[in-house]
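Asks: A structural model of the following input is requested.
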Amino acid sequence: MVCITCGTRLIIENNDAFVCPKCKNITFLPKDEAMKVVNAQIKWFDDAFKQVLGKFDKRRLLVWLCGLREKMSTDFFTVAPIIELNKFLAVNMLIKRVMDDYELSGNEEANDKNTPEIINTFSGFINVIERLYLIEEDFGHYIAIKEYDLNKIDMITLMSNFKFRINEEYVPIADSFEDNLIMNKELANKYVSKNKDKYDAILKSKPNPEERTIEETIKMLFPILFSFFYGLKRNKIYASNLDLKYLKDAGISPKFILDFIKFFEQGTGLMTKTTPKQFKDIIRKKFKSVDKNTIYNNMVFTFENRGIFPFFLNVDNNLFISHNFIRIMGLFYYPFYYTDLFNKTIQNNSDYFEKTLVPKRLYDCGFKVILNYTDKKNASLEIDQIAWKGDTLYVIETKVWDIKPFFEHRKIHGQRERDLKGVVDGKKYSYVHGNEEIKDIPSLIEKINHVKEKLNDICEDYASIKKIIGVVITKSHPIINEYKNVKFLGFEKINTL
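Replies: You can find the predicted model right below:
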């Protein structure tokens, strides 16, 4: 979408309206200048946090932070299945940050007022870092309210003089996140409210415990595993702070984590406290096939062991256990560890999307549909769906091509655009051992021409067909709308055909 008057890429204003910056005389900061401003804001935040955190009693603050992340996790299981990912990331980053400065003594007591304030402010800090990425990727821009000198600018002006705006190219990204239940708090609350009866029924039910295989667990929990995994790998700051690959390298499985947590009694408070010795004793007695020191060194976060993710926290020889937080992280870890099974489920969902969801939606929209058409003389020429209504027939290819890690980075969308155009041009792209491979396949153009030539044999209503159009339908919003007269539609837009 561009301005119909001048062709300029649109930006989105606070009221979610599309605005042409050229027609409205809105001047962006040059990209390199915008990045200097953001980096100056990041540095100010960083310095300010060091001073603020230095005033606190670190032990007390760490306990409060762990308690808050446990409350967030508990609410997810017992109130509504919503996690504010930005706040979730902020709490865990803050735990690491506080531990870095643990030896800086302070006397201020953490409490139920100042700790949430710190987390909210740190969430804002993360937002500023994310702005840097979006400006770097040409999805966002900075606008200066008034003239400034970055070398002489004061703190108040630095933080208030610049408006951040995303452009229309980010819209398919945001829409794709929403399609996969990764949305802001307001939209999430609306979604839960809409499905309140279902969630209430789940919360009130008391199902009998069932032993399930790993594959069955992934299949049953797939939507939440998918949205949680890719939501927490949406950009560099999320992925770098929530990278659990090191756990897989150490041979620690999600099943072990979820089984292990059961051996610590969950008290009435938010957390359970134990000692390193008791922690290791449980491993030694109940899990004899694993090494207690391997588990301890890869999962217990201490001042001396800050290079890991803070699953468990050891503060002054008090080891804190957060049951529901560990369960949340165990779920997040499934796709890391069981990669093949997770990818298999993605493929199964892709097949379901192609063979069930899309045809059903086409039927519901009044189309007659032929599924999985294959040319009898050329078995490689397969068409996912041929659908027609009135005087128009569509030759349809369906592609899940869903969200991926680092979805907010342009490289991913360059690859998505390349792959979508490859469907039209007859090129299939893949990577083998890190090297790109390109395979020639029947193009959608060929398939359209085949249908035109064989229309009398393929379509029972051939006499009424006046237009034959190629369409690619994707599960999430496509990055392009049209290429070589082929339309690209997200699943939710099928009713616009």
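Asks: now Pro223, what's its secondary structure?
Replies: helix (DSSP: H, G, I helix; E, B strand; the rest coil).
Asks: that one: neighbouring residues, count only.
Replies: Residues near Pro223, counting by other C-beta atoms under 10 Å, number 11. All C-beta atoms are positioned from the backbone trio N, CA, C, and that covers glycine.
Asks: cool, and the one 5 residues further on?
Replies: Residues near Phe228, counting by other C-beta under 10 Å, number 24.
Asks: swap in Phe229?
Replies: The burial count for Phe229: 19, using other C-beta under 10 Å.
Asks: ok but it is inside a strand, no?
Replies: No - read with three-state DSSP, Phe229 is helix and lies in no strand.
Asks: and the spatially most central residue of the chain, how far is that from Glu169?
Replies: Per C-alpha atoms, centre = their mean, the C-alpha nearest to the average position across the chain is that of Gly231, at 2.1 Å. For Gly231, the distance to Glu169 equals 20 Å [C-beta to C-beta, to the nearest Å].
Asks: now do Tyr363
Replies: Taken as C-beta to C-beta, the span from Tyr363 to Glu169 is 33 Å.
Asks: between those two, which is the more surrounded one?
Replies: Set Tyr363 next to Glu169 and count neighbours by other C-beta under 10 Å: Glu169 wins out with 17 against 12.
Asks: what's the closest non-adjacent residue to that one?
Replies: Distances taken as C-beta to C-beta, 6 or more residues apart in numbering put Phe139 closest to Glu169, at 5.9 Å, once the chain neighbours are dropped.
Asks: can you check the pLDDT for the one you found?
Replies: Confidence at Phe139, expressed as pLDDT, is 94.
Asks: can you report phi and psi for Lys399?
Replies: phi -140, psi 120 (degrees, to the nearest 10).
Asks: number the residues from 33 up from this point.
Replies: All set: I'll call the first residue 33, so the last point we hit is now Lys431.
Asks: now do the contacts for the residue nearest to Glu201.
Replies: 198-199, 201-202, 205, 440, 442 (C-beta atoms under 8 Å, 6 or more residues apart in numbering).
Asks: in helices only, show me these.
Replies: Among these, the residues falling in helices (DSSP state H) are 205, 442.
Asks: can you check the pLDDT for Glu162?
Replies: 95.
Asks: what helices or strands is the helix or strand containing it leaning on?
Replies: For Glu162, the host element (DSSP states H and E) is helix 146-168. Other elements packing on helix 146-168 under the criterion 3 or more C-beta pairs under 8 Å, 6 or more residues apart in numbering; DSSP states H and E are helix 63-86, helix 90-110, helix 117-132, strand 172-176, helix 268-273.
Asks: tell me the buried residues in the fourth one?
Replies: Think strand 172-176. 172-175 (16 or more other C-beta atoms under 10 Å).
Asks: which one of those residues is nearest to Asp313?
Replies: Gly172 (51.4 Å; C-beta to C-beta).
Asks: which residues touch the closest one?
Replies: 163, 166, 196-199, 202.
Asks: again with Glu135
Replies: Per C-beta under 8 Å, 6+ apart, neighbours of Glu135: Phe335.
Asks: helix or strand for Phe374, which one?
Replies: Going by DSSP H and E, Phe374 is in helix 371-384.
Asks: using the three-state scheme, assign the nearest residue to the residue nearest to the centre of the chain once chain neighbours are set aside.
Replies: Nearest residue to Gly263 in three dimensions, chain neighbours excluded: Ile214, at 4.2 Å (C-beta to C-beta, 6+ apart). Put simply, Ile214 is coil when judged by three-state DSSP.
Asks: kindly report the same for Thr37.
Replies: Here Thr37 is coil, with the state taken from three-state DSSP.
Asks: skipping its backbone neighbours, what lies nearest it in space?
Replies: Cys55 is the one closest to Thr37 (C-beta to C-beta, 6+ apart), at 5.8 Å.
Asks: could you count how many residues lie near that neighbour?
Replies: Cys55: 13 surrounding residues under other C-beta under 10 Å.
Asks: torsion angles phi and psi at it?
Replies: Backbone torsions of Cys55, given as degrees, to the nearest 10, read phi -70, psi -30.
Asks: next one: Asp472
Replies: Torsion angles, degrees, to the nearest 10, at Asp472: phi -80, psi 130.
Asks: surely it and Lys459 touch.
Replies: Yes - using C-beta atoms under 8 Å, Asp472 makes contact with Lys459 at a distance of 6.7 Å.
Asks: quick one: which of these two has more around it?
Replies: With neighbours defined as other C-beta under 10 Å, Asp472 and Lys459 compare such that Lys459 has more, 15 against 9.
Asks: before we move on, the earlier item: contacting residues for the residue nearest to Gly263?
Replies: Going by C-beta under 8 Å, 6+ apart, Ile214 touches 117, 259, 262-263, 266, 435.
Asks: if we can go back for a sec, just the contacts of Phe171: which are in strands?
Replies: Ile198 (DSSP state E).
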